[in-house]
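Participant: turn this into a structure:
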Amino acid sequence: MKRYGSVEAGGTKFVCAVSDENLTIIERVSFPTTTPEETMEQVIAFFSRYENSLASIGTGSFGPIDINKESPTYGYITSTPKLAWQHYDLLGTMKNHFNIPIAFTTDVNAACYGEYRLGSAKGKSNVVYYTVGTGIGGGAIQKDQFIEGFSHPEMGHMLVKPHSKDNFKGKCPFHNNCLEGMASGPAIEERLGQTGDRLSEEDPFWETEALYLAQCIYQTTLMLSPNVIILGGGVMHQSHLIEKVRDLFEELMNGYVTYPAIEEYIVLPKLGDNAGTLGCLTLAKELTNH
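Facilitator: Down below sits the predicted model:
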């Protein structure tokens with residue numbers, strides 16, 4: 001019986017899973033992202049138990065990462081703020097231990113792929129997925145291909161116009177008022193002194209948060225004209241937020257372009273927090289089926 005592996009390499013934790021041929025998860029484990037030596041030792045130990053049946057592994061990693069197969073540093077995590085992981089050969093470390101096909105992409109691309117194949121974007125040809133959590137990242141697929149060029153998109157660092165009542169200077173060390181610097185989980189906590197999940201639904205801050213996400217969707221719509229935009233990640237667990245984002249997006253767009261019905265255009269992930277794992281497993285399975 002063939003098994004497929006998934007590695008969601010997150011900045012806060014690694015989630016590893018093994019599935020059967022139908023992508024039913026047999027076992028899943030999670031551990032904190034510490035040093036590469038400690039963390040990768042746990043990854044390798046987990047998959048070693050399945051070595052005889054493991055056909056392939058899909059990996060979605062926090063970034064930036066080098067996805068250019070011609071590059072000498074293909075498979076590396078590159079200029080991450082996590083110092084211990086800078087210029088770390090994640091893919092090479094896996095390949096040293098497992099002589100099987102291994103797919104390698106960003107964590108948000110993996111989640112995007114999961115939703116594209118199995119979730120909210122199933123049957124659509126053009127999809128964009130944003131994760132709004134510890135950081136903000138975006139992945140896009142057009143006609144079965146990830147949209148990428150010299151590297152993968154870094155959509156979470158698009159600049160946003162600050163809300164008139166928001167004097168927060170931003171948390172990103174590179175660009176003060178980028179989307180991640182203004183609207184990620186840590187930006188909310190630094191600005192308000194508490195995490196978003198402790199705020200009431202009526203808190204006026206949610207209008208500010210929704211405005212930044214609406215600006216993101218406005219820009220994405222005009223640049224890529226996707227069939228659907230999915231908003232995932234921990235911050236989007238606030239179920240009231242998506243309605244505010246839809247309303248403010250429609251105000252910003254002001255009827256300029258026609259897009260799908262708003263409830264089908266700006267959506268939450270159907271796979272929830274499983275999007276990344278199922279995306280990695282699907283990528284792994286497709287590696288062995290081509």
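Participant: what domains does the record give for the protein?
Facilitator: Taking automatic domain parsing as the reference, the chain has its domains at 3-107, 120-269.
Participant: ok, which of these comes nearest Gly279?
Facilitator: Closest approach to Gly279 among the domains of the chain (C-beta to C-beta): domain 3-107, 6.5 Å. For glycine as for every other residue, the C-beta is placed from the backbone atoms N, C-alpha and C.
Participant: correct me if wrong: Leu222 contacts Leu252.
Facilitator: No. Leu222 is beyond contact range of Leu252, at 10.2 Å (criterion: C-beta atoms under 8 Å).
Participant: list the buried residues of stretch 204-220.
Facilitator: In terms of neighbour count (16 or more other C-beta atoms under 10 Å), stretch 204-220 has its buried residues at 205-206, 208-220.
Participant: can you list contacts of that stretch?
Facilitator: 128, 130, 132, 138, 155, 158, 160-161, 163, 165-166, 179, 182-183, 188, 191-192, 196, 199, 226, 229, 231, 235, 238, 240-241, 244-245, 247-249, 251-253, 266 (C-beta atoms under 8 Å, 6 or more residues apart in numbering).
Participant: at 7 Å instead, please
Facilitator: Under the contact criterion C-beta atoms under 7 Å, 6 or more residues apart in numbering, stretch 204-220 has outside partners 128, 130, 132, 158, 160-161, 163, 165-166, 179, 182-183, 188, 192, 199, 226, 229, 231, 241, 244-245, 248-249, 252-253, 266.
Participant: quick one on the thing from earlier: which one of the buried residues of stretch 204-220 is nearest Trp85?
Facilitator: Cys216 (26.2 Å).
Participant: the closest one belongs to a helix, doesn't it?
Facilitator: Yes. Applying DSSP: H, G, I helix; E, B strand; the rest coil, one finds Cys216 inside a helix.
Participant: of the domains of the chain, which approaches Gly276 most closely?
Facilitator: Nearest to Gly276 among the domains of the chain is domain 3-107 (4.5 Å), distances taken as C-beta to C-beta.
Participant: if we can go back for a sec, between Leu222 and Leu252, who's got more neighbours?
Facilitator: Leu252 (15 against 11; other C-beta atoms under 10 Å).
Participant: residues in contact with that one?
Facilitator: Counted by C-beta under 7 Å, 6+ apart, Leu252 has contacts Ala214, Gln215, Tyr218.
Participant: where does Phe31 fall, phi/psi-wise?
Facilitator: For Phe31, the backbone dihedrals are phi -150, psi 160 (criterion: degrees, to the nearest 10).
Participant: that one: how many residues sit nearby?
Facilitator: Number of residues near Phe31 (other C-beta under 10 Å) recorded here: 14.
Participant: ok, now how distant is it from Leu179?
Facilitator: Per C-beta to C-beta, to the nearest Å, Phe31 is found 29 Å from Leu179.
Participant: the most centrally placed residue in the chain sits in which helix or strand?
Facilitator: Centroid-nearest residue in the chain, with C-alpha atoms, centre = their mean: Val108, separated by 2.2 Å. If you go by DSSP states H and E, Val108 is part of helix 107-118.
Participant: residues touching that helix, excluding its own?
Facilitator: Here helix 107-118 makes contact (C-beta under 7 Å, 6+ apart) with 8-10, 58, 60-62, 121, 127, 129, 131, 137-141, 146, 152, 230, 232, 269-271, 275-276, 278-280, 282-283.
Participant: let's see which of these end up in helices.
Facilitator: Of the contacts of helix 107-118, the ones assigned to helices by DSSP state H are Ala275, Gly276, Leu278, Gly279, Cys280, Thr282, Leu283.
Participant: for Val43, give me phi and psi.
Facilitator: Backbone geometry at Val43, expressed as degrees, to the nearest 10, gives phi -60, psi -50.
Participant: need the nearest residue in space to Leu248, chain neighbours excluded.
Facilitator: Leaving aside its sequence neighbours, Leu248 sits nearest to Ala214 (C-beta to C-beta, 6 or more residues apart in numbering; 3.7 Å).
Participant: again with Thr131
Facilitator: Once flanking residues are discounted, Thr131 sits nearest to Gly233: 3.9 Å by C-beta to C-beta, 6+ apart.
Participant: hmm, that neighbour is touching Tyr129, no?
Facilitator: No. Using C-beta atoms under 7 Å as the test, Gly233 is too far from Tyr129 to be in contact (9.7 Å).
Participant: who has more neighbours out of those two?
Facilitator: Tyr129 (33 against 22).
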